[in-house]
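Peer 1: after the sequence you'll find the predicted model.
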Amino acid sequence: MEPVSIIDGRAIPFGRKNVDTDVIIPAAWLKTISREGLGRGAFEALRKDPDNIFDSAEFKGSPILIAGDNFGCGSSREHAAWALLDLGIKAVIAPSFSDIFSGNAFKNGIVTVVLPQEAIDRLMDVAATEPVHIDLEAQTVTTPFQDRFQFEIDAFRKHCLLNGLDEVGLTMARGDAISAYEAKASAERPFLVHPA
């Protein structure tokens, strides 16, 4: 997982509430075992409209998505986070998220920012023409108009995102302790050690 600190750029002013994971990535795309290419299926039903916001020249490739309340509800498919990443989304700002989606997003390096609806409304207005800036270290979302919104984030999740640590990375960071335990266990209980 890549470390995340600053996410800067245009934000897609989507704003829709109760967007479930089937809207984010339809079930037909779940047959794959690869994360690559899932961005093509992201918001597929909405992107059938030739005037959709996701494929517009103005917002294509934007790293931030501004959504409505209860984003990521529905099934627990991790493919939803994979599809957003493949679409180029590195952060989603919304008033609330489904717990499962929020966990999947975090485990894949997507920052989920919870802000009150008034802040979302303001960011939707700004995003129509200007970039948005997310500073994970400072826990702020700012705009070129001096708007500054503070957000809360779990300290462990913040640490992992800033340092690019997924579950494998966290385990590897404990490599010395794991090796010491294995050596001690082998010495104390040699009958458990399989012959080479």
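Peer 2: In hand now; what should we look at?

Peer 1: taking the mean pLDDT, what do you get for stretch 33-50?
Peer 2: Averaging pLDDT along stretch 33-50 yields 94.

Peer 1: who touches that stretch?
Peer 2: By CB atoms under 8 Å, 6 or more residues apart in numbering, the residues outside stretch 33-50 that reach it are 23-26, 28-29, 32, 52, 54-55, 79, 82-88. Backbone N, C-alpha and C define where each C-beta goes, glycine included.

Peer 1: before we move on, what about stretch 80-90?
Peer 2: Here stretch 80-90 makes contact (CB under 8 Å, 6+ apart) with 4, 7, 12, 21, 24-25, 29, 35-43, 54, 61-65, 72, 92, 101, 104-105, 107-111.

Peer 1: do stretch 70-78 as well
Peer 2: The set of residues external to stretch 70-78 that reach it, using CB under 8 Å, 6+ apart, is 17-22, 24-25, 30, 80, 92, 94, 96-98, 100-102, 104-105, 107-108.

Peer 1: which of those count as buried?
Peer 2: Buried subset of the contacts of stretch 70-78 (neighbour count, 16 or more other CB atoms under 10 Å): 19-22, 24-25, 30, 80, 92, 94, 96-98, 100-102, 104-105, 108.

Peer 1: longest helix in this structure, please.
Peer 2: Criterion DSSP state H: the longest helix present in the chain is helix 175-188.

Peer 1: average pLDDT across that helix?
Peer 2: 88.

Peer 1: hey, where'd the helices end up in the protein?
Peer 2: 21-24, 44-47, 79-87, 99-107, 117-127, 155-163, 167-173, 175-188.

Peer 1: buried deepest among these, which one?
Peer 2: For the helices of the chain, the largest average neighbour count (mean count of other CB atoms under 10 Å) is found in helix 79-87, namely a mean of 24.

Peer 1: how far off centre is that one?
Peer 2: Taking CA atoms, centre = their mean, to the nearest Å, one finds the center of helix 79-87 at 8 Å from the center of the full chain.

Peer 1: do stretch 25-44 as well
Peer 2: Counting by CA atoms, centre = their mean, stretch 25-44 is centred 16 Å from the centre of its parent chain.
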